[in-house]
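1. Got a predicted structure here, sequence first:
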Amino acid sequence: MKFVRWLADIDRRIIFLVIAVAVVIPLIFPLGMRVKVTPQTESIYKEVENLPPGSNVLVAFDYDPAAAPEVHPMALAFLRHCFTKKHKVIIMALWPQGAQMAVSAMADVGKEYDLVYGRDYVNLGYKPGGDIVIKSLGASFPEVFPADMAGEPTAGLPILAKVRNLKDIDLVMDLSAGDPGIPAWVRVANALYQRRVAGGCTAVSAPQFFPYLQTGQLVGLLGGLKGAAEYETVLAYAGKASRRMDAQSIAHLVIILFIIFANISYFILRRQREEKREGPRTGPVASA
Amino acid sequence: MLGTWIAALLTLCILSFLYKDNPFYKFAEYLFVGVSAGFWIAYNYHNLLLPNLIYPLKGAFVVLLTEGRLDLRWLTIIAGLLGVTMLFRFFPKAAWVSRYGIAFSVGLGAGLMFIVYLQANCIYQIWGTVKLSPVVITAGPGGWHVDWPTSVSNTLLIVGIVSALVYFYFSKEHKGVLGRTARLGIWFLMVSFGAAFGYTVMARISLLIGRMEFLIEDWLKLAVIAPIQGALTSLGLL
């Protein structure tokens, strides 16, 4: 009973310490746990695979460094897939720091491929306005982005030569950490311009986007670190997300154990309190 | 190198709050707030004001001086003035002026987005539910057969949506069939809250992993101990 009481009154700092250990050890000693690929991840993979080489893929970097541990690995994996399939990647951002995140992603991925800026990819930078920017892209790309992130005119770039508006985009991939993000792209690019939209987001926001999957408004969805690890798995590539999933799984296991122990101790102590209040439970023979 | 050390020490300062509130945490917190405020002012000036207001007006002014004609870029001055009205919030006696800027942006947003919002978040969702069939029959090699997993999934979805909607129907007292359906709706809502909570835990742990990985790999430069992993694998423990 002492152990149960100790569990009920456990110092929260011990829980923090146990979680920290559960996270750190698998990072130093990776376990290589398998990641099961879900249909919503596989459908994004198939969508990119089935596009003919040279297709125009718009990647929106709608996240900031705070969401990078979850969303950045999926950006890296998705860009790798696009460049492997020789697609043209048009990068933009509805979040101020998104354009910088794209620069960081391209610095990592770009060196693995023989890419030419302006021919194979372009970073159009950040544009404020959310839904209104997407709506304007439906009318004209050059009007919304007369210059790229570096301030160079986009008029002469070969990658944008045949891209007049959103109708010339074969797939939109939104990497989102909040608003504006996936709902804005679904509302405008999909509902208004009937573009194929896929999404990658933080785990917190993933549950609210599942209804879009069921209706087909989203081609697929990468939810949190698990989604990123799934995309790396389907690409047969061991990236950061796959390595981090060991720590994630062990930490989840520890949290589940804490929840189970907390509930057991709660119910035992509640029963004890009730017995103290009502007196010991006695049967008819004992009372007689 | 210096940047990594500063980032690592500030990370430790923030994490020290988990033990208890302390001056190191306070220092990191105030530094973050100050740096963020400064960063956003500079960022918004360079990425919003300059390209969308100052440069177009400058260009329009040059055209006026050199060619003697007014071009459409002068219209950005209206947007600029509406933006300035918002700053009147800081002066209580003239705060009413800010309503013009707010009214314009709310009206514009509502007008532009009303239809697409309704279409994407309401019509498509209703259509997505209506098209569901509780019994799905598919053609296979041995003839027609019931696709049980899809049928059960669709049935659960229909029952879940209807019962959850009934829970939010407050025009009649929740008694009898209505009460039981609403109670079922609560169960479905609880399951969805549980799933959302699970995803939230996953997100928070992911952020912790990101910071820990930074401390271990970028700051402490601890290499992953592959030989130990290999030994565990050879023993069949992994």
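-> Thanks, I have it.
2. where in the chain is pLDDT low?
-> Picked chain A for this. Counting by pLDDT under 70, the low-confidence segments of chain A come to A:280-288.
3. Chain B is the one I meant
-> Scanning chain B for pLDDT under 70 picks out B:223-238.
4. For chain A, what's the nearest residue on it?
-> B:Gly210 (2.6 Å; CB to the nearest CB). Where you see a C-beta, it was placed from the backbone N, CA and C, and this is true even at glycine.
5. In contact with residue 22, which residues?
-> In the absence of a named chain, chain A is used. Each residue near A:Ala22 by CB atoms under 8 Å, 6 or more residues apart in numbering or on different chains is listed here: A:Ala247, A:Ile250, A:Ala251, A:Leu253, A:Val254.
6. meant chain B, my bad for not saying
-> B:Ser16.
7. thinking again about what came up before, list only those of the contacts of A:Ala22 flagged as buried.
-> A:Ala247, A:Ile250, A:Ala251, A:Val254 (16 or more other CB atoms under 10 Å in any protein chain shown).
8. Identify the residues contacting the second one.
-> Under the criterion of CB under 8 Å, 6+ apart, the contact list for A:Ile250 reads A:Ala22, A:Val23, A:Ile25, A:Pro26, A:Leu31.
9. Write out the residues of the stretch 151-288 of chain A neighbouring chain B.
-> By the rule CB under 8 Å from any CB of the partner chain, the part of the stretch 151-288 of chain A lying against chain B is A:183, A:186-188, A:190-192, A:202-204, A:206-207, A:211, A:214-217, A:223-226, A:240, A:244, A:247-248, A:251-252, A:255.
10. hmm, which of those residues are the buried ones?
-> Listed as buried from these are A:183, A:186-188, A:190-192, A:202-204, A:206-207, A:211, A:214-215, A:217, A:223-226, A:240, A:244, A:247-248, A:251, A:255; burial here means 16+ other CB under 10 Å.
11. Provide the secondary structure category for A:Val37.
-> What DSSP: H, G, I helix; E, B strand; the rest coil gives for A:Val37 is coil.
12. Test my guess that it contacts A:Glu230.
-> Yes. Using CB atoms under 8 Å as the test, A:Val37 is close enough to A:Glu230 to be in contact (4.8 Å).
13. Give me the more crowded residue out of these two.
-> A:Glu230 (26 against 16; other CB atoms under 10 Å in any protein chain shown).
14. Grab the nearest non-local neighbour of that one.
-> A:Thr41 (4.1 Å; CB to CB, 6 or more residues apart in numbering or on different chains).
15. what do you get for A:Ser205?
-> Closest residue to A:Ser205 in three dimensions, ignoring its sequence neighbours and counting by CB to CB, 6+ apart: A:Gly178, at 6.8 Å.
16. can you count the residues close to the one you found?
-> Neighbours of A:Gly178 under the rule other CB under 10 Å: 17.
17. In what element of secondary structure is it found?
-> Under the criterion of DSSP states H and E, A:Gly178 resides outside all helices and strands.
18. Let me see the contact set for it.
-> A:Gly178 sits next to A:Asp62, A:Tyr63, A:Ala67, A:Thr202, A:Ser205 when contact means CB under 8 Å, 6+ apart.
19. Let's see which of these end up in helices.
-> Among the contacts of A:Gly178, no residue falls in helices (DSSP state H).
20. Closest one to chain B out of the residues you listed, please.
-> Chain B lies nearest to A:Thr202 out of those, by CB to the nearest CB, at 5.3 Å.
21. dump the residue contacts of B:Ala195.
-> Neighbour list for B:Ala195: A:Pro207 [criterion: CB under 8 Å, 6+ apart].
22. how far is the helix or strand hosting it from where the chain is centred?
-> Using DSSP H and E, B:Ala195 maps to helix B:176-213. Centroid separation for helix B:176-213 versus its chain: 17 Å, with CA atoms, centre = their mean, to the nearest Å.
23. What residues of that helix count as buried?
-> B:181-182, B:184-185, B:188, B:199-203, B:205-213.
24. ok, the residue nearest to A:Ser205 to chain B distance?
-> Separation of A:Gly178 from chain B (CB to the nearest CB, to the nearest Å): 12 Å.
25. For the residue of the stretch 1-150 of chain A found nearest chain B, which non-adjacent residue is spatially closest?
-> Chain B sits closest to A:Pro69 of the stretch 1-150 of chain A, with a gap of 2.6 Å, by CB to the nearest CB. Sequence neighbours aside, B:Gly210 is the residue nearest to A:Pro69 in space, at 2.6 Å (criterion: CB to CB, 6+ apart).
26. Pretty sure A:Ala68 is one of the things the one you found touches, is it not?
-> Yes. Using CB under 8 Å, B:Gly210 is in contact with A:Ala68, at 6.7 Å.
27. centre of the chain versus the host helix or strand of A:Leu17, how much separation?
-> Element membership for A:Leu17, per DSSP H and E: helix A:12-28. Put simply, helix A:12-28 sits 23 Å off its chain's centre (CA atoms, centre = their mean).
28. start to end distance for stretch B:109-128?
-> 27 Å (CA to CA, to the nearest Å).
29. For stretch A:42-62, which residues meet the burial criterion?
-> By 16+ other CB under 10 Å, the buried positions in stretch A:42-62 come out as A:44-45, A:47-48, A:51, A:55-62.
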